[in-house]
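Asks: Got a predicted structure plus its sequence, pasted below:
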Amino acid sequence: MEYRGDGECNCGETCTSCPADCLCDTNPPTTTIKCDNTTCSSGWYNADISITLSCSDGTGSGCDKIYYCQGQTCDLVEYLYTGPVSFNLITEGTNYVRFYSKDKAVPANTETSCSPAFCPRSQIIKLDKTPPTTEIK
């Protein structure tokens, strides 16, 4: 890293006077979503689902924040990443979980599968807890 004298560093060069909190990392994090601790299904679930979002930054600077919300047009909420984030999905119908992560690099990397035009990522989760009924005529 090269110290530019303005409190920021450039990656890819030897750093001689970069502040200790300057983290050079060019690899973006990856966010994974699990439904009931396994890969989310494209089919229908028939009971409430435990959703877990996890961030990994490999050997990079580490995950800093995860952003997520439930809904197709919801505002994403920022959470300081201290470990996987879990919540229950209980609403019947077609649900959307939108999410992405940023790492601790300066400046922060956003996951590559989440470019500004396609951010955040979205997972469709379908839930139908109503049992079928039969009628004898």
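Replies: Here it is on my side, so go on.
Asks: Starting from the strand or helix carrying residue 66, tell me which strands it pairs with and how they run.
Replies: Here residue 66 sits within strand 63-70, counting by DSSP states H and E. Strand pairing for strand 63-70, using DSSP bridges, gives strand 77-80 (antiparallel), strand 93-103 (antiparallel).
Asks: And those strands: which comes nearest residue 30?
Replies: strand 93-103 (7.5 Å; C-beta to C-beta). The way it works is simple: take the backbone N, C-alpha and C, and place the C-beta from them, glycine included.
Asks: Just the CA trace of the closest one, in CSV.
Replies: What follows is strand 93-103, C-alpha atoms only, in CSV (Å, rounded to 0.1, in the frame of the first residue of the first chain):
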residue,chain,number,x,y,z
GLY,A,93,-46.8,-16.8,0.1
THR,A,94,-43.8,-15.8,-2.0
ASN,A,95,-41.2,-14.1,0.1
TYR,A,96,-38.0,-12.3,-0.9
VAL,A,97,-34.9,-12.0,1.3
ARG,A,98,-32.5,-9.4,-0.1
PHE,A,99,-28.9,-9.2,1.2
TYR,A,100,-25.3,-8.4,0.6
SER,A,101,-22.1,-7.8,2.6
LYS,A,102,-19.1,-5.4,2.8
ASP,A,103,-15.7,-6.1,4.2
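Asks: neighbouring contacts of the following helix or strand past that strand?
Replies: Following strand 93-103 in sequence order, the next helix or strand is strand 121-127 (DSSP H and E). Here strand 121-127 makes contact (C-beta atoms under 8 Å, 6 or more residues apart in numbering) with 31, 33, 35, 40, 42-46, 48-49, 51, 72, 89-100, 111, 113-114.
Asks: ok now strand 121-127, how far from the chain's centre?
Replies: 13 Å (C-alpha atoms, centre = their mean, to the nearest Å).
Asks: same check, this time on stretch 43-52
Replies: Going by C-alpha atoms, centre = their mean, the spacing between the C-alpha centre of stretch 43-52 and its chain's C-alpha centre is 18 Å.
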